[in-house]
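Enquirer: make a model of this:
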Amino acid sequence: MSRTPSAGTPARPWRVGVAGLIGTTIEWYDFFVYALAATPVFAPQFFPSTSPLASNLAALSTFAIGFVARPIGGALIGHFGDRVGRKRMLVLSLLVMGVGTALIGLLPTYATIGVAAPIVLVVVRIAQGLAVGGEWGGATLLALEHARSRGQRTLLSSLPQVGLPLGVVLSSLVFLLVRIGSGDNGFADWAWRIPFLASAALVVVGLVIRLKLEESPEFERVRRGHTVRRAPIIDVLRAPRIWVPASGITIGSSTLGNLVLAFVLSYAARAKLFSASTMLTVTIVAALFWCVALPLGALLAGRVGRKRVLIAGTVGTIVWAYPYFTLVESGSQAGLFVGTIVAALCIAVATGPYGAYLSEAFPAEIRYSGASVAYGIGGVLGGAVAPLIATLLVASTGGLVAVAGYVALASVVSLIAVLTLRSPHSTTLPTQEPIGPLTEPVQDGTAA
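Expert: Alright, predicted model coming up:
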């Protein structure tokens with residue numbers, strides 16, 4: 001007899017949500033383990049230069065490449081996710097991400113194979129970006145579309161979002177332990193490879209979990225109703241009133257998040273404000289607060305409305321931008337902890353109901369493509385360029401005030417996008433009608 005819970009078993013949606021959380025945690029571990037190694041490892045060993053700034057910019061550019069590839073991956077994987085199913089694409093994305101991360105751990109440096117080293121690194125980063133581009137949308141949709149109520153859809157779809165800070169915690173802990181255990185010289189010589197190689201074991205666990213999942217009930221209804229779209233990404237692009245504001249919702253939180261996780265870590269070390277171990281510890285603590293606050297934000301959205309919570313979190317990133325970077329520059333460890341934790345809480349509130357709000361802006365027939373592409377574009381405009389722009393702003397101004405202004409401006413763009421996007425959309429799409437006349441969604445109001 002099969003052990004798979006029946007459709008009426010209440011625990012099944014939660015099992016799918018937790019599986020999505022585990023999978024995205026592994027994928028974000030893979031993604032952010034690179035961010036932690038970008039400036040201390042890849043800048044000197046893969047992009048050697050007489051200018052430390054040039055090396056850092058080159059290494060951060062390869063970090064950005066992963067984000068640039070995300071909307072492409074979202075379109076490609078989303079296309080097949082809308083045509084053949086969410087589950088298969090989730091298995092594929094996890095496999096590509098894990099293999100890529102393990103390959104980075106085996107890659108010879110510039111000193112060994114010359115210019116081939118950064119070229120191969122860039123290729124692997126592109127593959128990782130493609131995988132992440134399809135990962136978030138699939139994990140979010142599978143959780144959302146298994147849920148049994150509107151409030152549960154908001155909460156369960158937030159669990160894959162928790163995978164981001166959990167991936168940060170996991171990658172930071174591994175890096176911190178490896179760094180302490182090997183010492184600075186040992187870490188630079190060989191030990192930096194350990195966190196990348198460890199990804200192989202994590203991927204095996206994730207694949208076992210995902211292969212046991214069931215397909216989304218909503219996708220099965222679409223397939224039974226013969227309303228699968230031939231070219232879902234074309235339908236998405238024909239609805240700019242949806243995908244344009246949808247792409248802007250997380251620009252602010254993505255900008256602040258990647259500065260907290262990637263830029264500030266290296267800036268504080270270069271400016272001799274805090275040690276690398278202190279910065280990693282702060283990152284871990286802040287990410288743990290982030291993990292807890294994110295589903296709480298989703299629960300709050302279930303009571304007062306998704307849009308209101310998104311607005312509150314986005315306004316928080318605007319208000320806290322200057323205090324946060326002022327506290328970083330103060331050199332006070334207490335100030336650093338407070339500033340980073342509050343920044344993480346703002347990001348969590350701004351992204352808690354995001355998965356449900358964004359996904360339900362698109363009809364079920366094109367939801368994987370639409371949500372993935374919008375999420376990827378937001379990542380490019382926010383997270384991808386944020387460390388690069390912040391590095392250039394610091395180099396030209398000598399401080400973090402301009403960086404704070406940049407974060408505030410990015411968050412204003414997101415606030416406008418939240419106010420503009422209307423969600424949820426109808427969950428059905430007539431087979432014969434084009435997407436154009438069907439882009440009028442129902443206003444969210446104060447419902448969950």
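
Enquirer: quick one: classify Arg422 as helix, strand or coil.
Expert: Here Arg422 is recorded as coil under DSSP: H, G, I helix; E, B strand; the rest coil.

Enquirer: pLDDT on stretch 329-346, on average?
Expert: Across stretch 329-346, the average pLDDT comes to 94.

Enquirer: quick one: buried residues of it?
Expert: The neighbour-count check on stretch 329-346 (16 or more other C-beta atoms under 10 Å) flags Glu329, Gly335, Leu336, Phe337, Gly339, Thr340, Ile341, Val342, Ala343, Ala344, Leu345, Cys346 as buried. C-beta: built from backbone N, CA, C; applies to glycine.

Enquirer: same check on stretch 201-213?
Expert: Residues of stretch 201-213 classed as buried under the neighbour-count rule (16+ other C-beta under 10 Å) are Leu202, Val203, Gly206, Leu207, Ile209, Arg210, Leu213.

Enquirer: mind checking the SS state of the last one?
Expert: Put plainly, it is Leu213. Look at Leu213: counting by three-state DSSP, its state is coil.

Enquirer: related to what we said a few turns ago, can you add secondary structure and distance to Leu176 and give the buried residues of stretch 201-213 back as CSV?
Expert: Shown next, in CSV, are the buried residues of stretch 201-213 (DSSP: H, G, I helix; E, B strand; the rest coil; distance: C-beta to C-beta, whole Å):
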residue, secondary structure, distance to Leu176
Leu202, helix, 17
Val203, helix, 22
Gly206, helix, 23
Leu207, helix, 27
Ile209, helix, 26
Arg210, helix, 28
Leu213, coil, 32
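
Enquirer: name the nearest of those residues relative to Gly313.
Expert: Nearest to Gly313 among the buried residues of stretch 201-213 is Gly206, at 28.5 Å by C-beta to C-beta.

Enquirer: I'd like to know how far the closest one sits from Ala75.
Expert: 23 Å (C-beta to C-beta, to the nearest Å).

Enquirer: ok, back up a step: closest one of the buried residues of stretch 329-346 to Ser396?
Expert: Glu329 (16.1 Å).

Enquirer: quick check, pLDDT for the nearest residue to that closest one once chain neighbours are set aside.
Expert: Leaving aside its sequence neighbours, Glu329 sits nearest to Leu400 (C-beta to C-beta, 6 or more residues apart in numbering; 5.4 Å). Note on Leu400: pLDDT of 92.

Enquirer: pLDDT weak spots in this structure?
Expert: Within the chain, the ranges that satisfy pLDDT under 70 run 1-11, 50, 424-448.

Enquirer: please enumerate the strands of it.
Expert: For the chain, no strands turn up when DSSP state E is the criterion.
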